[in-house]
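Engineer: pasting the structure only:
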């Protein structure tokens, strides 16, 4: 077990979080087990977080603020901590995504990350065999907080029909995920369309891509390969992506027909809980 006193609070957001947690706990004269009792968790978990052996969650942070009377300190820190758990190559994209006013994305394989349920995200992320799966799941859920803003980005999502029919995580996970898509489609800032199999060849057979528009910065087009991501503001690429996305939207089902297809697939392929 690492000695918390040897940790440099400036080494990383996670180190700073653990250092601050210990500092506030000791200032109140609490042992790890005592703080755990106040937070409805184990003293072992407190120790693991203080020594950066485990990544805290937002729920843990909110309970820490209550127990330690820290006026939101840990709730503010957790966003930085979870962002630091994202793959280094993905962090710049997450920062841009958080600043975007308009997002348009075509997803050929899996549900768009901002719309994934925790269970679906866990199944997707597990395929990469990460060292800390739960930290990555928490980080992905943290990204979704931009949709809870008073003024969230306008998001247009085109999903290939294969996304609906690929049984990632099993029947229960998929049923919950498709219900999440139906719930999200009711929001005025979210437009979800499905590109049906019947379309055949289409404008993005090469794969998924995402475009982002900002208030003051140039538009960005983002793509991923097997192990990294690539962002560009090249005007020619941005125009080509916009043209391809317009063609995808035109070929896709309407928002209403897409919702009907999602509902039908959910019931026919994954069972209707009612």
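Structural biologist: Nice, I can see it. What you are looking at is a predicted structure, and each value in this text was computed from that prediction instead of being measured. Residues are numbered from 1 along each chain as shown.

Engineer: Any figure for the gap between the most centrally placed residue in the chain and residue 209?
Structural biologist: Closest to where the C-alpha atoms of the chain average out (Cα atoms, centre = their mean) is residue 140, at 2.6 Å. The gap separating residue 140 from residue 209 is 19 Å, by Cβ to Cβ, to the nearest Å. Where you see a C-beta, it was placed from the backbone N, CA and C, and this is true even at glycine.

Engineer: returning to what we had before: the residue nearest to the centre of the chain falls within a helix, correct?
Structural biologist: Yes. Counting by DSSP: H, G, I helix; E, B strand; the rest coil, residue 140 is part of a helix.

Engineer: can you tell me the helix or strand for the closest residue in space to it that isn't next to it in sequence?
Structural biologist: Nearest non-adjacent residue to residue 140, counting by Cβ to Cβ, 6 or more residues apart in numbering: residue 121, 4.8 Å away. Assigned by DSSP states H and E, residue 121 belongs to helix 118-126.

Engineer: which outside residues touch that helix?
Structural biologist: The contact list for helix 118-126 (Cβ atoms under 8 Å, 6 or more residues apart in numbering) reads 110-111, 113, 116, 133-134, 136-137, 140-141, 168-170, 172-174, 176-177, 180.

Engineer: Please report phi then psi for residue 103.
Structural biologist: Residue 103 adopts backbone torsions of phi -130, psi 130, taken as degrees, to the nearest 10.

Engineer: if you skip the residues just before and after it, what's nearest to it?
Structural biologist: Nearest to residue 103 is residue 155, by Cβ to Cβ, 6+ apart, at 4.6 Å.

Engineer: quick one: the one you found and residue 188 touch, right?
Structural biologist: No. Residue 155 is beyond contact range of residue 188, at 10.9 Å (criterion: Cβ atoms under 8 Å).
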